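K.L.:
Show me how the following folds:
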Amino acid sequence: MSEATTTADYFGAYGGRYVGETLRPALDQLAAEFPRAWRDPDFQRELQRTQKDFIGRPTPFLYAENVSRALGGADIYIKMEGLAHTGAHKINNAVGQALLARRLGKKRVIAETGAGQHGLATAAACARLGLSCRVYMGAVDVARQRPNVFAMEMLGAEVMSIDAGSRTLKDAINAALRDWSASFPDTHYLIGSALGPSPFPEMVRRLQAVVGAETKAQMRETGADFAALVACVGGGSNAIGFFSPFIDGSAPRLIGVEAGGRGTGAGDNASRMTGGVARVGVAHGYKSRFLMDDDGQLLPTHSISAGLDYPGIGPQLADLGESGRVEFTAATDAEALDALRFFARHEGVLFALESAHAAAAAMRLAPAIGRGRAIAVNMSGRGDKDLFITAKALDRENWLAFLQSEIDHA
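P.N.:
A predicted model of the protein is given here:
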């Protein structure tokens, strides 16, 4: 296994390109061609046109007036990425990388997915651009995100259920990397988060930075004094895009929210920056902070949200956490469910379970910041995808009765 040594591949001590020699040509090609595409006016025009007409950008920036009044502290604004096509921020990156794949002459795209939103976005982008699509997904996530699996297949994607290991996102990534190693001459691996071997973390950050750029302009239009931006953090694509235009300053505060799960023990959460269990290591082609044992094996994780149970964190966010520019906290499964219900009933907004972790942190933060200032929360996805999880958690008896009636009448 080799690793890149150029400073451009790293964010402080984190990042790099720890891959086998078979993948080096594919990564070298991406490292050379993505900057060229980014500077190409034709590529930018097509990207911006697709963002507007296919994704539906810009997404709204909602003043959560009822929630703000009920909490009695700072005003809360919601960046409504859940209103983007396919229901989450993932489409921003999927469209950009799919356009790049077509530019490179690739006919086939593969992807990994946890919550299903990246897989859905990739399937939609590939259908739009006429590319073959295969999505790797852990068997546990296939079961708990069945609506997204059905939608991916409707869009023409082949969904590969992975039964190895913990049968979640990390195992889907492993399978996708094995596929790419054997197929890269005609295949692009469309990584969904700001992680993996260089240049993926920087590519994904740039493609998701549209969220932060819009938010910055929308914040200015409100005239409010924003004390903090809050985003959930799994791998980190929504957070790094949301935070991107603010990183070089000292304000507002940037707060990343990890999955506190059901407890503090190993295997009960996915807290890489806050839990005290994570260590620096190498996995999935990059160096970062991972939940891993003394032998470098990734530990089991848990979150009620399928998109936050990844055992590592993107290298730039790890570096920003170490420097103190991004503050990290965690929200438990129970807190996320409470926030989901609170925002739904007070504001008519149904957060994805991942984004509900950010909403939970904002609920804690608003009274502490106090009146006269504001908080921006990234609703990175909407919650209809979580029906099979939230209905069972919040209305178990009626939900199970409904499912039984469907089985009885099938």
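K.L.:
Mind naming the longest helix for the chain?
P.N.:
helix 200-222 (DSSP state H).
K.L.:
my read: Thr168 touches Asp141, true?
P.N.:
Yes: the pair formed by Thr168 and Asp141 meets the contact definition of Cβ atoms under 8 Å, at 5.9 Å. Every residue, glycine included, has its C-beta placed from N, CA and C.
K.L.:
Can you show me the CA trace of the longest helix of the chain as PDB?
P.N.:
The C-alpha coordinates for helix 200-222 follow below in PDB (Å, rounded to 0.1, in the frame of the first residue of the first chain):
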ATOM      1  CA  PHE A 200     -11.900  13.000  -3.000                       C
ATOM      2  CA  PRO A 201     -12.100  15.100   0.200                       C
ATOM      3  CA  GLU A 202     -11.400  18.300  -1.700                       C
ATOM      4  CA  MET A 203     -13.600  17.400  -4.700                       C
ATOM      5  CA  VAL A 204     -16.600  16.800  -2.400                       C
ATOM      6  CA  ARG A 205     -15.900  19.900  -0.400                       C
ATOM      7  CA  ARG A 206     -15.900  22.100  -3.500                       C
ATOM      8  CA  LEU A 207     -19.100  20.500  -4.800                       C
ATOM      9  CA  GLN A 208     -20.900  20.900  -1.500                       C
ATOM     10  CA  ALA A 209     -19.600  24.400  -0.900                       C
ATOM     11  CA  VAL A 210     -22.600  25.700  -2.900                       C
ATOM     12  CA  VAL A 211     -24.600  25.100   0.300                       C
ATOM     13  CA  GLY A 212     -22.400  27.400   2.400                       C
ATOM     14  CA  ALA A 213     -22.200  30.100  -0.300                       C
ATOM     15  CA  GLU A 214     -25.900  30.300  -0.500                       C
ATOM     16  CA  THR A 215     -26.300  30.300   3.300                       C
ATOM     17  CA  LYS A 216     -23.700  33.100   3.600                       C
ATOM     18  CA  ALA A 217     -25.700  35.300   1.200                       C
ATOM     19  CA  GLN A 218     -29.000  34.400   2.800                       C
ATOM     20  CA  MET A 219     -27.700  35.100   6.300                       C
ATOM     21  CA  ARG A 220     -26.600  38.600   5.100                       C
ATOM     22  CA  GLU A 221     -30.100  39.200   3.700                       C
ATOM     23  CA  THR A 222     -31.800  38.500   7.000                       C
END
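K.L.:
elements contacting that helix?
P.N.:
helix 24-39, strand 61-63, strand 75-80, helix 90-103, helix 237-243, helix 315-323, strand 374-379 (3 or more Cβ pairs under 8 Å, 6 or more residues apart in numbering; DSSP states H and E).
K.L.:
For those, give me CSV that also has mean neighbour count, mean pLDDT and distance to Met363.
P.N.:
As requested, the helices and strands packed on helix 200-222 are exported to CSV (neighbours: other Cβ atoms under 10 Å; pLDDT from 0 to 100; distance: least, Cβ to Cβ, whole Å):
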stretch, mean neighbour count, mean pLDDT, distance to Met363
helix 24-39, 16, 97, 38
strand 61-63, 17, 98, 16
strand 75-80, 24, 98, 8
helix 90-103, 25, 98, 25
helix 237-243, 31, 98, 18
helix 315-323, 23, 98, 22
strand 374-379, 28, 98, 10
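K.L.:
out of these, which comes closest to Ala266?
P.N.:
Ala266 lies closest to helix 315-323 among the helices and strands packed on helix 200-222, at 19.1 Å (Cβ to Cβ).
K.L.:
Perfect, I'm done here.
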